[in-house]
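Novice: sequence first, then the predicted structure:
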Amino acid sequence: MIDKVFLSSDLFLLTLTVGLYCLGCAVYRRLQVPLLHPVLLTFVAMIVFLSAAGIDYPRYKQATSALDFALGMSVVALGYLLYEQVEQLRGSLLPVGIATLAGCVTGMLSVVYIAMAFGAGREILTSIAPKSVTVPIAVSVSGPLGGIVPITSVVVFCVGIFGSIFGEWILRRCGVRDAEARGFALGAAAHGIGTARAIEIGAVEGALSGLAMALMGLATALLMPLMERYFY
């Protein structure tokens with residue numbers, strides 16, 4: 001029987017997480033099935049393992065804190081994609097700004113009002129409001145306002161997975177064909193995971209998705225305290 005101390009060690013949990021993700025990437029590249037997204041596979045596999053091994057979430061979070069740091073750095077690295085497409089963005093500042101503001105306000109208030117209709121409390125509303133921005137920004141905003149950080153993390157993850165799997169199909173069904181519009185929509189609605197999907201689609205989509213993710217994070221950080229105070 002494997003010692004539980006070993007199973008709950010920082011090195012083992014971190015290695016297992018990265019290993020499962022790499023395995024998920026290999027499966028996804030081979031089968032190209034949207035529901036076998038590597039992040040989703042890793043998420044489910046880790047839940048099963050942690051439950052079976054009796055390891056709680058705080059222990060896992062502490063063991064994989066290096067991944068949280070790397071996630072924050074990856075957001076900065078997306079700026080290189082934007083640099084490659086900077087010429088195509090000239091003259092688009094006004095529509096990009098309007099789209100960011102509209103996406104931020106609509107994204108937050110829509111999920112808040114739907115949850116309110118089902119009787120959700122204020123703590124839950126604050127936890128799910130930043131659903132469309134990347135995890136490091138979402139938890140940094142919801143936590144100080146009284147949200148539950150684990151709920152915020154899970155909701156952001158689920159939104160990203162949904163956008164990655166179904167976002168392109170929804171945009172196609174809505175008649176959105178423009179590469180810049182598609183990329184911006186994926187980044188604004190599905191943050192980092194949506195951006196990863198946009199990069200797979202094309203360079204222009206990836207650049208605009210990275211831009212949208214950054215702008216949505218900034219707008220959410222600035223506007224959510226106001227939304228929380230005056231709109232729900």
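Specialist: Good, I have the coordinates. Remember, it's a predicted structure, so these values are computed and weren't measured experimentally.
Novice: span of stretch 135-150 from start to end?
Specialist: End-to-end distance for stretch 135-150, by CA to CA, to the nearest Å: 10 Å.
Novice: which residues touch that stretch?
Specialist: Stretch 135-150 is contacted from outside by 57, 68, 71-72, 75, 122-124, 126-131, 133, 152-153, 156-157, 191-192, 217, 220-221, 224-225, 228, using CB atoms under 8 Å, 6 or more residues apart in numbering. In this view, the C-beta of every residue, glycine as well, is placed from N, C-alpha and C.
Novice: what mean pLDDT does it get?
Specialist: Mean pLDDT, computed over stretch 135-150, is 88.
Novice: now that stretch: buried residues?
Specialist: Along stretch 135-150, these residues count as buried under the neighbour rule (16 or more other CB atoms under 10 Å): 135, 136, 137, 138, 139, 140, 141, 142, 145, 147, 148.
Novice: so which elements touch the longest helix seen in the chain?
Specialist: Criterion DSSP state H: the longest helix present in the chain is helix 203-230. Here helix 203-230 touches helix 65-77, helix 79-84, helix 86-89, helix 93-117, helix 135-142, helix 179-201, going by 3 or more CB pairs under 8 Å, 6 or more residues apart in numbering; DSSP states H and E.
Novice: give me that answer again for 6 Å
Specialist: helix 79-84, helix 93-117, helix 135-142, helix 179-201 (3 or more CB pairs under 6 Å, 6 or more residues apart in numbering; DSSP states H and E).
Novice: buried deepest among these, which one?
Specialist: Most buried of those, by mean neighbour count (mean count of other CB atoms under 10 Å): helix 179-201, with a mean of 25.
Novice: what packs against that helix?
Specialist: Counting contacts by 3+ CB pairs under 6 Å, 6+ apart, helix 179-201 is packed against helix 149-173, helix 203-230.
Novice: one more pass at 8 Å, please.
Specialist: In terms of contacts (3+ CB pairs under 8 Å, 6+ apart), helix 179-201 is packed against helix 65-77, helix 93-117, helix 149-173, helix 203-230.
Novice: that one to helix 135-142, inter-axis angle?
Specialist: Helix 179-201 and helix 135-142 meet at an angle of 120 degrees, taking axes from the mean of the first three to the mean of the last three CA atoms, to 10 degrees as the criterion.
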